[in-house]
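*Asks:* what shape does this take:
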Amino acid sequence: MSNLIKILGVAIFLWVTQANATTDDCFPFVGEKYKFSVGWEFVNAGAAEINVTKNGANGYKVHNFARTNGFLDLFKRVRDTIISEGICIDKKMQSTLFTTDQLERKYRATKDVKFLYKENKVSYTKNGKTTMFDVPAGYLNVIDAFYLTRMHPPTKGHPISIPVFDSGEKYELTVKYLKHKMMKTPWKKWVDAIVIQPEMKTEGVFTSVGTIKIWLTNDERHIPLKITAKLKIGRVVVVLEEYSKL
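*Replies:* Numbering: from 1, shown residues only. Modelled structure (predicted):
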């Protein structure tokens, strides 16, 4: 946060107190925990876990961790950690931080993205090198874009568009509705699900740009049941194994 001269301190504090909503007003996912199995074609490749916690009075934090299993470790050991943070302002989501720590066999990369929304800037650091970008307030990282999609998913004939900054690029992420499908949940119940397709333009969370499909429960929670990503060689399938909300 930029340093503020003392004469404006009180005024800005009062403005922030009034403008910032509580976390539940824009991000009703605090307390969620997920565990996913990750497969490559017909091979069980590993697992992923996501924990969503509160971060301050009006903020939230999403911690993502993915790893290959013992068999795949012999060929390509993966230990990836992604952390996303944001706050609620006027009942809207605003990303504040997005960090990735990728360890994939001998490849190691770290990224640190700070959304300086009060200055309409983004600080993007990759492997120690920082670049500043002009990015208006309101842009989200791709993790926050996913949660916004869960709150307001696309419908038939009505795709949604979300302004995102990812991997040094800003663009409008389009998410389309594809179809309905009955899915079996980890809690052994068949439910109606909607299948959506985000049109990613950057490499990042999903490893490589390709055709991505997401299955969400067709209810008020829109829980992710399945994710598939078609890559140049094969297809990654992510399936929900456990879900809970505190």
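
*Asks:* now the residue sitting nearest the centre point of the chain: how far from Thr96?
*Replies:* In the chain, the C-alpha closest to the average C-alpha coordinate belongs to Ile143, at a distance of 1.2 Å (Cα atoms, centre = their mean). According to Cβ to Cβ, to the nearest Å, Ile143 stands 12 Å off from Thr96. For every residue, glycine as well, the C-beta is placed using N, CA and C.

*Asks:* before we move on, what about His158?
*Replies:* For His158 relative to Thr96 (Cβ to Cβ), the value is 29 Å.

*Asks:* could you do Arg79 as well?
*Replies:* Using Cβ to Cβ, Arg79 is found at 25 Å from Thr96.

*Asks:* look at the two and report which has more neighbours.
*Replies:* Counted by other Cβ atoms under 10 Å, Arg79 and Thr96 do not tie: Thr96 has more neighbours, with 20 against 15.

*Asks:* helix or strand: which one has that one?
*Replies:* strand 92-104 (DSSP states H and E).

*Asks:* could you look up the SS state of the residue nearest to the centre of the chain?
*Replies:* State at Ile143, reduced to three classes by DSSP: H, G, I helix; E, B strand; the rest coil: helix.

*Asks:* tell me who's in contact with it.
*Replies:* When contacts are counted by Cβ atoms under 8 Å, 6 or more residues apart in numbering, Ile143 touches Val62, Asn64, Ile82, Ser84, Phe98, Val205.

*Asks:* adding secondary structure, write those residues out as CSV.
*Replies:* Formatted as CSV, the contacts of Ile143 follow (three-state DSSP):
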residue, secondary structure
Val62, strand
Asn64, strand
Ile82, strand
Ser84, strand
Phe98, strand
Val205, coil
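
*Asks:* closest to Lys170 out of those?
*Replies:* Phe98 (12.9 Å; Cβ to Cβ).

*Asks:* is the closest one bridged to anything, and to what?
*Replies:* Going by DSSP bridges, Phe98 is paired in beta bridges with Ser84, Val113.

*Asks:* any idea how far Ile212 is from it?
*Replies:* Noted for Phe98: a distance of 18 Å to Ile212, by Cβ to Cβ.

*Asks:* what do you get for Met93?
*Replies:* Counting by Cβ to Cβ, the gap from Met93 to Ile212 is 21 Å.

*Asks:* try Thr110
*Replies:* The value you get for Thr110 to Ile212, if Cβ to Cβ is used, is 24 Å.
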